[in-house]
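Asks: Please work out how this folds:
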Amino acid sequence: MDREMFNNCCSLVKMPRQCWLHYQPSHFVDYMERATTYGKFFKNYLLPNLPCIFSKKFTEDWSCRRHWVTEDGKPNFQKLLQEFEDAPVPVANCNAKEYNANPKQIMAFREFIQYWREYIQNGHSSPKGCLYLKDWHMQRMFPEHNAYKTPVYFSSDWLNEYWDTMEVDDYRFVYMGPKGSWTPFHADVFRSYSWSANICGRKKWLLYPPGQEEFLRDCHGNLAYDVTAAVLKDKGQYPHFEDACEPLEIIQEAGEIIFIPSGWHHQVYNLEDTISINHNWLNGCNIDVMWQFLQEELRSVQKEIEEWRDTMDTWHQHCQVIMKSCTGIDYVEFISFLRTVASNRISFLSSCPGGGGGSGSCVSVLSETLGVLGPHHAAFDLQRVLHTLEDILNNEDFKLLQTPALDFNPEDLLQEIRETVHSVH
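Replies: Purely as a prediction, here's the structure:
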């Protein structure tokens, strides 16, 4: 990111989010045949929050595309077993519904491959149901494999940056499933972005832009489980279904990468035996969406336990506990998350002569990614953290919280961010 783009992008702080309620999708989505600049991707897809597809050229040098796939484009079960035979993996049953998802179990990788082979031999059917290996933290379990590398377009990844620091979790996954396996209708964790690369096989995606999901709720307010189900045409159960736009349908081929924007609900089918790499991620372009999501989640919790508000001195704290159990984060951890992102960029910029030198002159003690994206991108990130932190500190629900878990003063962090960003101008 250069200085001109930094100055233009900082206007995002005051930019209202586009309303998609009356969106009508075209029949096409932009297709990246060859490498483009990070700046163009940032401007044309991250900021406007629009999907796109990257061709198989972007994954052709990945180790997993050479070793996990046979010459005829099928999963290489023998090679996969050599690498992961005894690994415990999470497996979902696509034929069963548990709330609005599929129930999962943990099994040995070899057991899943044995099932998959039998499933194929039996004409893609099994008395065990349609099983789908999902949300497997393969990279965290086997970091030495170097199975793939994150494209630069998706490298500004605050979500995994923070959880890598915590060393307890990440949002990088491997999916493996037979033809017919699928994922029910949903939006990604924290309303993050996601990118998904098909190592082999083909997927069909049904995408709805933000806001359209409100038409896909039943009369009780519950989100649809399967947006293709006939029951959605029953006005008594889904009174607003007819108002929803047609979904954007995308067929993703082997080797291709799809970019799913923030807050776009989607449903996904494996059209063939398929392996994919999936990351959830967010950054300065959609941190406001995450913050808005957390506020909405808190309001839902508050509504559920409103009757106990006057009987509990710690009612607001309890709401935070419940929210964290449902979403995975509360307001205090969200601030700690922002602090980690800010501290990394402040340290990075302090290592750049003058705070605004080219990335090649930076002696970064942080990740190589910050050096590749450059100091103006780091400054943009700080602007976005600054704006979000200011909003949190002015939030009435946050003001009512006791925050002993914070080991720093947010006001001091705000001042440090302001001074650092000013030095880049």
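Asks: So which residues of the stretch 1-150 of the chain form strands?
Replies: For the stretch 1-150 of the chain, the strands identified by DSSP state E, counting those that start in this stretch occupy 31-32, 52-54, 88-93, 104-108, 131-136, in order along the chain.
Asks: Tell me which of those strands sits most buried.
Replies: strand 131-136 (a mean of 22; mean count of other Cβ atoms under 10 Å). (Each C-beta comes from the backbone N, C-alpha and C, glycine too.)
Asks: Asn44: neighbour count?
Replies: Using other Cβ atoms under 10 Å, the number of residues around Asn44 comes to 13.
Asks: and it, what does it touch?
Replies: Asn44 is in contact with Asp30, Leu50, Cys52, counting by Cβ atoms under 8 Å, 6 or more residues apart in numbering.
Asks: what pLDDT does it get?
Replies: As predicted, Asn44 sits at a pLDDT of 95.
Asks: Do I have it right that Gly201 meets Leu271?
Replies: Yes - A contact is recorded between Gly201 and Leu271 when judged using Cβ atoms under 8 Å, the distance being 7.3 Å.
Asks: more crowded one of the two?
Replies: Here Gly201 and Leu271 are compared on neighbour count by other Cβ under 10 Å; more neighbours surround Gly201, at 23 against 15.
Asks: give the contact list for that one.
Replies: The contact partners of Gly201, taken as Cβ under 8 Å, 6+ apart, are Gly73, Pro75, Lys179, Ala254, Asn270, Leu271, Glu272, Asp273, Thr274, Ile275, Ser276.
Asks: ok, what's across the strand from the last one?
Replies: Right, the one you point to is Ser276. For Ser276, the beta-bridge partners are Tyr175, Asn198 (DSSP bridges).
Asks: for stretch 351-368, how far is the first residue from the last?
Replies: Across its full length, stretch 351-368 reaches 13 Å end to end, with Cα to Cα, to the nearest Å as the criterion.
Asks: And the helices in the protein?
Replies: Here the chain has its helices, by DSSP state H, at 3-9, 38-41, 63-67, 77-84, 109-121, 138-141, 158-166, 287-304, 315-327, 331-350, 368-373, 375-393, 396-399, 410-424.
Asks: out of these, deepest packed?
Replies: Using mean count of other Cβ under 10 Å, helix 375-393 ranks as the most buried of the helices of the chain, with a mean of 22.
Asks: picking up where we left off before, now tabulate the contacts of Asn44 in CSV and tack on pLDDT.
Replies: As requested, those are exported to CSV (pLDDT from 0 to 100):
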residue, pLDDT
Asp30, 95
Leu50, 95
Cys52, 97
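Asks: quick one: which of the residues you listed is nearest Ile250?
Replies: Each of these was checked against Ile250 using Cβ to Cβ; the closest is Cys52, at 9.8 Å.
Asks: Spatially, and excluding backbone neighbours, which residue is closest to that closest one.
Replies: Of all residues beyond its chain neighbours, the one nearest Cys52 is Asp30 (4.3 Å), with distances taken as Cβ to Cβ, 6 or more residues apart in numbering.
Asks: how close does the one you found get to Asp86?
Replies: Here the criterion is Cβ to Cβ, to the nearest Å. By it, Asp30 lies 42 Å from Asp86.
Asks: neighbour count winner among the two?
Replies: Legend: neighbour count by other Cβ under 10 Å for Asp30 and Asp86, higher for Asp30 (12 against 8).
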